[in-house]
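K.L.:
sequence plus the predicted model coming up.
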Amino acid sequence: MAAPSHRRSLRKRRTLAVSAAVVAAGVGAGVFVMNANATAADLYHQTLPAKDGWAASGTGTTGGAKADSAHTFTVSTRAQLVKALGSASDTTPRIIKIKGTIDANTDDSGKKLSCADYAVGTGYSLSAYLKAYDLATYGRSKLPSGTQEKARAAAQAKQAKNIVFRVPANTSIVGVPGTNAGITGGSLQVKDVDNVIVRNLAFSATEDCFPQWDPTDGDDGNWNSAYDAVTLRGAGHVWADHNTFTDAPRLDSANPKYYGREYQIHDGALDITKGSDLVTVERNRFVDHDKTMLIGSSDTDSTGKLRVSIHHNVWKGIVQRAPLARIGQIHVYNNVYDTTTLDGYAPLYSINSRAKAQVVAEDNYWKVPSGGKVSKLLSGDGTGSVAGSGNLVNGTATDLVAAYNAASSKKIRTTVNWTPTLTAGLETSAKNLPTELATTTGAGVLSVG
């Protein structure tokens, strides 16, 4: 399929270097930059530019730009963040400025909480859980049930109450430049609300203290954890911009094995599910993570929704789901994928198109190490599509679908039922992306404006 037509490149207008200063601390530090509309508003009041991906559709995405002074907050602790977020049903526009790194695993007084603290009073212990559901006695035919599973669920609920932050509609959550702004150990949940902006934040160490064992998951069973760093569920008009996502400091290589399977404490980095729609994900860094971005929670999620634009992001040390796309119309352009194994994270694939997903992937750049297989960059179930052109592998134009199809019985289709039009910032050559995105993506590179 011929590549869809697009507006000319707006890169020079989209990313303006305004300082040579480098933020020395924190993940994703780099040169301060601002988006094109920074001249019209400061960082905290900036709105998604026109035609900048699916989130610009219809009413666009303005977040809390209309917030008054009473609904503009600067927070540095978990308790302050909870107070600033208020009720998830309150639609009053609000701006939340995060200054420094907020540790979600703390109580209201700021005291650090451990997994053992969440387990207190529930009756849960890992040793008792492992004994209760040992394969030799419990078998593989059903999910755990009974005393220890109820105790595990109770402990998990205690942790969730502490680390899951519900984001109301019409909200902008923005990291204060120069403060190593971010959330460690927490999960932002954008559920059944519209018009949310999340920018300039480093998300790290989102960990489930109490993964559930599922002996029926796959041939050998799996440990499944519960929390994404940012999760969109039934959300609309969301702009995620200039954030960094990482498992650090505890990487998957540190996870033990029980029942012969990895005790996985990490879930998604940024998942877009349950009929979420009109989302733009741009200029983020995804580093050291396994199941990174899920679009569509199942093969029967929501037809007519799950429209997502993913552009100018860097994916490095990513195992899979960059993204895994179901059902929707997904535009993936001007991203950099480094598929070199990093910190024990060995890649399985980058983009998975399944459940009739309509993906347009164009003008992306893949760095593939010696011995790496181009046929492994894509994946699918035989029903998904990937159209588009201009993708480079180590600087050479490459037909990714042809490479995949030549090696797989489950063919990826090459035609889609839509043409992208909301393409502000699209660069029709991926050649310079590795250099450009090295200093203009992730948390810590935006200025106040």
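P.N.:
Alright, I've got the coordinates. Note that the coordinates shown come from a computational prediction; the quantities given were computed from them, not determined experimentally.
K.L.:
in the protein, which helix or strand is least confident?
P.N.:
Every helix and strand of the chain was ranked by mean pLDDT, DSSP states H and E. The lowest is strand 16-22, at a mean of 32.
K.L.:
which residue is the nearest non-sequential neighbour of residue 306?
P.N.:
Across the structure, with Cβ to Cβ, 6 or more residues apart in numbering as the measure, the residue nearest residue 306 apart from its sequence neighbours is residue 328 (2.7 Å). (C-beta placed from N, C-alpha, C; glycine too.)
K.L.:
so the one you found sits right up against residue 308, yeah?
P.N.:
Yes: distance between residue 328 and residue 308: 6.3 Å, which falls inside the contact criterion (Cβ atoms under 8 Å).
K.L.:
quick check: neighbours shared by these two?
P.N.:
Common neighbours of residue 328 and residue 308 are listed as residue 295 (criterion: Cβ atoms under 8 Å, 6 or more residues apart in numbering).
K.L.:
count of neighbours near residue 65?
P.N.:
Summarising burial for residue 65: neighbours were counted as other Cβ atoms under 10 Å, giving 18.
K.L.:
where do the helices sit along the protein?
P.N.:
11-14, 78-85, 115-119, 126-132, 135-138, 147-163, 400-407, 433-437 (DSSP state H).
K.L.:
so which of those gets nearest residue 204?
P.N.:
Comparison of these against residue 204 by Cβ to Cβ identifies helix 147-163 as nearest, at 12.6 Å.
K.L.:
buried stuff in that closest one?
P.N.:
For helix 147-163, burial by neighbour count (16 or more other Cβ atoms under 10 Å) applies to 148-149, 151-156, 158-160, 162-163.
K.L.:
could you dump that helix to PDB, C-alpha only?
P.N.:
Backbone C-alpha positions of helix 147-163 (Å, rounded to 0.1, in the frame of the first residue of the first chain) are rendered in PDB as follows:
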ATOM      1  CA  THR A 147      -7.700 -19.000  52.300                       C
ATOM      2  CA  GLN A 148      -4.300 -17.900  50.900                       C
ATOM      3  CA  GLU A 149      -5.700 -16.600  47.700                       C
ATOM      4  CA  LYS A 150      -8.200 -14.500  49.600                       C
ATOM      5  CA  ALA A 151      -5.300 -13.300  51.800                       C
ATOM      6  CA  ARG A 152      -3.200 -12.400  48.800                       C
ATOM      7  CA  ALA A 153      -6.100 -10.400  47.300                       C
ATOM      8  CA  ALA A 154      -6.600  -8.600  50.500                       C
ATOM      9  CA  ALA A 155      -3.000  -7.600  50.700                       C
ATOM     10  CA  GLN A 156      -3.000  -6.500  47.100                       C
ATOM     11  CA  ALA A 157      -6.000  -4.400  47.800                       C
ATOM     12  CA  LYS A 158      -4.200  -2.700  50.600                       C
ATOM     13  CA  GLN A 159      -1.300  -1.800  48.300                       C
ATOM     14  CA  ALA A 160      -3.600  -0.600  45.600                       C
ATOM     15  CA  LYS A 161      -5.400   1.700  48.000                       C
ATOM     16  CA  ASN A 162      -2.000   3.400  48.500                       C
ATOM     17  CA  ILE A 163      -0.400   3.400  45.100                       C
END
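K.L.:
residue ranges with poor pLDDT in the protein?
P.N.:
By pLDDT under 70, the low-scoring segments of the chain are 1-41.
K.L.:
geometrically speaking, which residue is the centre of it?
P.N.:
In the chain, the centroid-proximal residue (Cα atoms, centre = their mean) is residue 270; its distance is 2.0 Å.
K.L.:
could you give the bridge partners of that one?
P.N.:
For residue 270, the beta-bridge assignment (DSSP bridges) gives partners residue 230.
K.L.:
give me every residue that touches it.
P.N.:
With contact taken as Cβ under 8 Å, 6+ apart, residue 270 is in contact with 228, 229, 230, 231, 232, 240, 245, 281, 284, 286, 292, 293.
K.L.:
what is the nearest of the residues you listed to residue 51?
P.N.:
Scanning the contacts of residue 270 for proximity to residue 51, where the rule is Cβ to Cβ, the winner is residue 281, at 15.7 Å.
K.L.:
contacts only, for the closest one.
P.N.:
Contact criterion Cβ under 8 Å, 6+ apart gives 53, 240, 241, 270, 293, 308, 309, 310, 311, 313 as the residues in contact with residue 281.
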